[in-house]
Every structure is written in C-alpha cells, then in structure tokens.
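Visitor: Based on what follows, work out the 3D shape:
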Amino acid sequence: MNPEASRIIDALPGMVWTALPDGSVDFVSQRWCEFANLGAGEFHGRGWQRAVHAEDLAELVERWRSIVASGEPGEMKARLRRFDGEYRWFVLRACPLTDDAGRVVKWCGSNSDIEGYRQAEALLVGEKRLFELVATGHPTPEVLDAICRLVESAASGFFCSVVLLNSSATSLEHGAAPSLPASFIASIIGRPVNVDSGPCAMAAYLNEQVIAPDLTTETRWAAYEWCPMALAHGLKSCWSTPISSAAGKILGAFALYHVEPRMPTPLDQSLIEQLTHIASIAIERQLSEETLSRFRSELTRVASVQSLGVLTASIAHEVNQPLAGIITNANTCLLMLDAYPPNVDGARATARRAIRDANRASQVISRLRVLFSKKDAPTESVNLNQATREVIALLLNELKRNRVIVQTELADELPLFAGDRVQIQQVILNLLRNASDAMSDVHDRPRELLVRSERDDNGMRLTVRDTGVGFGRESAERLFEAFYTTKSEGMGIGLCISRSIIESHHGRLWATPNDGPGATFSFSLPLQTEGMTTSNTGLDRGFATAHESERGFSEMRHSL
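Guide: Alright, predicted model coming up:
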C-alpha cells in the first residue's frame, strides 16, 4: 500500500485491515497496532489471532473461513485484547473487493468497539430484572446480591459489595458481597462508621464518594490497617459510594474493588449512580415494610381495644352481675349462720352459689385480658355456635337498647374448627355491632338481625343479616379496605382486620347487599384439623346468657 493511502487509512477513526483472497491478513492500520501494542508485521498471516480472547478464537476463525468461502460480506463478534491486558468486545466486518470477472482479489475489513453497547444492553436487561425483584417483594439480601452480580458480569476484574448501617448508624452490617472472600467480609463487618476505619465507613460518615485508586500508596485508614488487609486479598483499588434514602438518610455504602490500580471512568460513575439508586429503593422498601408489619400489628391491637372500649358498659354489666351475686350470697350466708338455730344447709347452698359467681367473674376477666394483651392466644378446638351465643349474650343489652330484634338459626351438630376463639369472637362482635349501627337510623321497619350458622362445602359458615341502610354492589370490596368507612365516627379498620383474622384461619369473609333492605356479611371456616383437642377454658363458661343471669338473681332473692 502506498504511503498516501496508508496515511488516509490511519486517519480513519476505526481499526482497518485488509486480507488476501485466502483470508490471510496482509495489512492493519496504525490504530489496531496501537490498541493491541503489536507491530504491523505481527498481524500478518494468522498473527492477528494472538489478539483474540481464547474463548472466542475457535468460533471467530470458523466464522471467518465461512465468510471467505462464501465470497460474500459478513461480520463477526469477538473480544480483542487491549495493550493493558483488558479484553473488549468488537464487531469485525469484512467486505470482498472483486475484479471484472467477479473473483475476490482482496478483503477489506474494519473493527468497531461495541463494549459500551454490550455493557449498556446487559445493564438494561439487568436493571429490568432488578426492578422486577424489588416490585415483586423479593428479600432485600437477594436484590443486593443480584446488584453485585450484575456489576461483576458487566465489568471484568471488578468485585462488588454492599454494606448497611446498623439501626443506630454507628457500625457496618453485611448487605451483599457474592464474590469477595469470607475473610475479607468478616474484617469489614462491625467496623465503626467514621473516617478512619475504611472507605465504606468513611463514605457513609461523610455522605460522599471516596475514591482510593491505588491501595499500594494509600495512607488513609492506617489506624485500622484497612489497606494491608485489602491488599492481602488481592484488591488494589476501591471506590465507595454512600447509599442514601429519598429523604437523604444514609442507609449504607456501595463499593467496587478492582484487582489493579484504577480510577473510575465516566461510564463507571454512571453505572455506580444507577445501581446505588436501585439499592436504595430495595433497602428503603425493606425498612418501610418492617415499619408497616409493626404498625399493622399495633393497629390490630388498638382496634381490638377500641371495639371493646365502646362496650365497656355491657362488659361492666356482665361482670357486675356475678359480683352482685357474690355480695348478696355472702350476706345471705351470714344471715343464715347468725339465725337461731343456724340454717347450715341453706348457708352451704348459698356459699356454693357465691363460688359459682366468683368463678364466672374470674373467667370473664381472664378472657378479656387476652383480648387486651399482645400475646398470641393458643389455638384450640372451637364450637362456632357456642362462640356466637356468647358474643350475642355480651351484646344483648346494647342490642335491646338499640331496639334490635335478634333471631338465631344455628345449625345442629356443627363440627368444631381449629383456631383462636377470641379472634373469631372479635369478628362476630364486629359484624353484630356493624349490623346494629346500620339500623340505627331505620324507623319505618323492624330492626331485625338474623344470625345463622350452617355447613357448607368447605366446612362451616356464619351469616349476619340486617335490615339496615345497606350498600351498593360496587362498594362490596371497598368495605374491607383499611380506613374506608361509611360511619361518621368509624375508623374504617374493623372489617379490614376481621378479614385478616378470617384469612389467617384459612377462611373467607365477604359481603353482599340484600335483595330488600340491608346487607349480609358471611364468613366461612375450614373444619378442625387432626390432633386438636377440645378446650373447656376461656369463654366456654365465662359469658352467661342474660336469662341465666336473671335466674341467678331470682334464686338469690328466693334464698333471702
């Protein structure tokens, strides 16, 4: 090739080459020589193959032979070694130069660097996958691990890690480091967050990126001997970037380590910025969920307390009945013993009634304490009909004051189910009170409340039907949304919590508007699981019906 043509080719931005008809390279431009740090003569013939990555060579040679045999233009992809030993992806394009007879007399080719495009494509796919992991609620450690692996696959020679701050933001905790040695990770975790203990701690403490391009000459962090520790693990550069929340709170640090001294390029910085942002989203989501799993738990307890608070008068009435009986029977017992002669048999019978009433009061109080406490009640075999009757007895006075006519249709021989008796009774109580409230403004028809239990395909069902104001079919699901309420003074969490309770018992709670006035709320529960035993504790004997209470007072009056 004449000197003028060589100067023109060398001025071109790409890496240009030519080959003989048999595919043997006979010329390369100066740009390829400089890229690979080889002389022009070293490329001739098959010499160019020394610049190709070993894993790509066989496929590239076979593809080049196919193009030469076809005599048609073609392209190939392979990694070529740069002067510093790093391999970058190129697309190699070749086009034949033919004579008048159509025979190939020369091959002209060019190599175009596509490393940036491949990285961008891989990062785009990787980022999409990361956002899918975050959006679908995968555990934060899994997301952070995926971030590190994405970086390491996109840029050779890098190792990636994420460290988190502990709850008091005073020390480092492990986040993810899939490829770093366990001994290196262990030496970092627990380090104090300050400017002296290492680049990650320093970045988190100062809330700014910390670049250590050459750890062999780095003098920072000597007090904690961080550099000798990193060098002992083959790491020679480190770039640490703080991870902060949307509100600016420091959550941790994102670190890239390299096996050679190195400064970050603009492409590296763009990669760091993108992935620290995704990491912050994942970490914030975890923190938000933890704060929410605690808020919901406390809200459930508060709702339970509030729903019972409204019934303080009814509860006091139920407790005061046995207490009044105890006092009356005790006074009667004294009168009988003071009589002349003493009525011992009558006193003994009266004392038994006092003991009965004391036990009743104790059981009422014991069961209520479970409702107010944060402790989980034990699972037991529960009789749905009995649990329903006890709740109706608790609410009976209030329902009478609201002029509600209660009708019950409880199926005979309903089987037991396994669950938390108190929680199920809280649901029944909430449904009955809602039904009563829904009829509070009804004046043109009876305020009728029907409570029905029955068997269904999955187990058993309880239905509460009222003749109140009802609701539209479009609102059936909204009724169970948190903080949605149709009451002027309601919080809008009772039905939401009730559905959660039923679903935790593997059941279902739903609502339907009646054909006539009012609405119907139903829940279904599965049958008892094997191994459950019947429990006679709690409210089994605690809540007496109103009729039984009245009979108790009649007996006391008769004794006097």
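Visitor: CA only for contacts and neighbour counts going forward, please
Guide: Noted.
Visitor: Surely residue 79 is within a strand?
Guide: Yes: the assignment for residue 79 (DSSP: H, G, I helix; E, B strand; the rest coil) places it in a strand.
Visitor: give the contact list for the closest residue to it other than its chain neighbours.
Guide: Spatial nearest neighbour of residue 79, chain neighbours left out: residue 89 (4.3 Å); criterion: C-alpha to C-alpha, 6 or more residues apart in numbering. Shown in contact with residue 89 (C-alpha atoms under 8 Å, 6 or more residues apart in numbering): 77-80, 113-115, 118.
Visitor: One more: residue 351?
Guide: Here residue 351 is in contact with 329-330, 333 (criterion: C-alpha under 8 Å, 6+ apart).
Visitor: quick revisit: list only buried entries from the contacts of residue 89.
Guide: Among these, those buried by neighbour count (16 or more other C-alpha atoms under 10 Å) are 77-80, 113-115.
Visitor: Looking at the residues you listed, which is nearest residue 188?
Guide: For the buried ones among the contacts of residue 89, the closest approach to residue 188 (C-alpha to C-alpha) belongs to residue 115, at 33.1 Å.
Visitor: circling back: three-state assignment of the residue nearest to residue 79?
Guide: Applying three-state DSSP: residue 89 is strand.
Visitor: do you know how far it is from residue 515?
Guide: Using C-alpha to C-alpha, to the nearest Å, residue 89 is found at 71 Å from residue 515.
Visitor: According to the record, where do the domains of this protein fall?
Guide: 3-113, 119-290, 380-531 (automatic domain parsing).
Visitor: Turn those domains into JSON lines, including mean pLDDT.
Guide: As requested, the domains of the chain are exported to JSON lines (pLDDT from 0 to 100):
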{"stretch": "domain 3-113", "mean pLDDT": "88"}
{"stretch": "domain 119-290", "mean pLDDT": "87"}
{"stretch": "domain 380-531", "mean pLDDT": "84"}
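Visitor: Spatially central, which residue of this structure would that be?
Guide: For the chain, the residue nearest the mean C-alpha position is residue 137 (4.6 Å; C-alpha atoms, centre = their mean).
Visitor: Give me the phi and psi for that one.
Guide: As for residue 137, its main-chain torsions (degrees, to the nearest 10) stand at phi 80, psi 30.
Visitor: In CSV, list the C-alpha atoms belonging to stretch 164-183.
Guide: Written as CSV, here are the backbone C-alpha positions of stretch 164-183 (Å, rounded to 0.1, in the frame of the first residue of the first chain):
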residue,chain,number,x,y,z
LEU,A,164,-25.5,-1.4,55.6
LEU,A,165,-25.7,0.7,58.7
ASN,A,166,-27.0,-0.8,61.9
SER,A,167,-30.1,0.7,63.5
SER,A,168,-28.1,3.3,65.4
ALA,A,169,-25.9,4.2,62.3
THR,A,170,-22.8,3.6,64.3
SER,A,171,-21.4,0.4,62.7
LEU,A,172,-21.4,-1.5,59.4
GLU,A,173,-23.5,-4.6,58.7
HIS,A,174,-23.3,-7.1,55.9
GLY,A,175,-25.5,-6.5,52.9
ALA,A,176,-24.1,-8.5,49.9
ALA,A,177,-20.7,-9.5,48.5
PRO,A,178,-21.2,-12.7,46.4
SER,A,179,-17.6,-12.9,45.1
LEU,A,180,-15.4,-11.5,47.8
PRO,A,181,-13.7,-13.9,50.2
ALA,A,182,-15.5,-14.5,53.5
SER,A,183,-12.4,-13.4,55.5
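Visitor: Only the buried residues of it, if you could.
Guide: The neighbour-count check on stretch 164-183 (16+ other C-alpha under 10 Å) flags 164-165, 169, 171-178 as buried.
Visitor: So which of the contacts of residue 351 belong to helices?
Guide: Counting by DSSP state H, the part of the contacts of residue 351 found in helices is 329-330, 333.
Visitor: can you pick the most crowded of these?
Guide: Of all those, residue 329 has the most neighbours under the rule other C-alpha atoms under 10 Å, reaching 27 neighbours.
Visitor: so how far is residue 261 from that residue?
Guide: Applying C-alpha to C-alpha to residue 329 and residue 261 gives a distance of 92 Å.
Visitor: With residue 499 instead?
Guide: Here the criterion is C-alpha to C-alpha. By it, residue 499 lies 59 Å from residue 261.
Visitor: next one: residue 422
Guide: As for residue 422, its distance to residue 261 is 66 Å (criterion: C-alpha to C-alpha).
Visitor: who's more crowded, those two?
Guide: Set residue 422 next to residue 261 and count neighbours by other C-alpha under 10 Å: residue 422 wins out with 20 against 16.
Visitor: on that earlier part again, and the residue nearest to residue 79, how far from residue 81?
Guide: If you go by C-alpha to C-alpha, the gap between residue 89 and residue 81 works out to 9 Å.
Visitor: likewise residue 9?
Guide: Distance, residue 9 to residue 81, by C-alpha to C-alpha: 22 Å.
Visitor: next one: residue 402
Guide: Here the distance between residue 402 and residue 81 works out to 88 Å (C-alpha to C-alpha).
Visitor: got it, and residue 245?
Guide: According to C-alpha to C-alpha, residue 245 and residue 81 sit 40 Å apart.
Visitor: Helix or strand: which one has residue 267?
Guide: Here residue 267 sits within helix 266-309, counting by DSSP states H and E.
Visitor: hang on, the earlier thing: could I get the contacts of residue 351 as JSON lines with pLDDT?
Guide: Compiled in JSON lines, those are given as follows (pLDDT from 0 to 100):
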{"residue": "329", "pLDDT": "85"}
{"residue": "330", "pLDDT": "90"}
{"residue": "333", "pLDDT": "90"}
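Visitor: okay, those residues in a markdown table with distance to residue 237 next?
Guide: Output for the contacts of residue 351, formatted as a markdown table (distance: C-alpha to C-alpha, whole Å):
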| residue | distance to residue 237 |
| --- | --- |
| 329 | 87 |
| 330 | 87 |
| 333 | 91 |
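Visitor: Out of those residues, which comes closest to residue 409?
Guide: Distances from residue 409 to those, taken by C-alpha to C-alpha, are shortest for residue 329, at 36.2 Å.
Visitor: roughly how far apart are the closest one and residue 42?
Guide: Residue 329 is 115 Å from residue 42, by C-alpha to C-alpha.
Visitor: ok, now residue 524?
Guide: 82 Å.
Visitor: More neighbours: which of those two?
Guide: Between residue 524 and residue 42, residue 524 has the larger neighbour count (other C-alpha under 10 Å), namely 24 against 14.
Visitor: Can you give me the neighbour number for the nearest residue to the more buried one once chain neighbours are set aside?
Guide: In space, and not counting its chain neighbours, residue 524 is closest to residue 461: 4.2 Å by C-alpha to C-alpha, 6+ apart. Residue 461 has 22 neighbours, counted by other C-alpha under 10 Å.
Visitor: Same check on the one 5 residues further on?
Guide: Applying other C-alpha under 10 Å, we find 28 other residues in the vicinity of residue 466.
Visitor: And the closest residue to it other than its chain neighbours, how far from residue 87?
Guide: Excluding the flanking residues, the one nearest residue 466 by C-alpha to C-alpha, 6+ apart is residue 449, at 4.7 Å. Using C-alpha to C-alpha, residue 449 is found at 79 Å from residue 87.
Visitor: Check residue 189 too.
Guide: As for residue 189, its distance to residue 87 is 34 Å (criterion: C-alpha to C-alpha).
Visitor: cool, residue 30 as well?
Guide: Counting by C-alpha to C-alpha - residue 30 and residue 87 are separated by 19 Å.
Visitor: same deal with residue 340?
Guide: Distance, residue 340 to residue 87, using C-alpha to C-alpha: 114 Å.
Visitor: Among those two, which residue is more densely surrounded?
Guide: More crowded of residue 340 and residue 87, by other C-alpha under 10 Å: residue 87, with 18 against 8.
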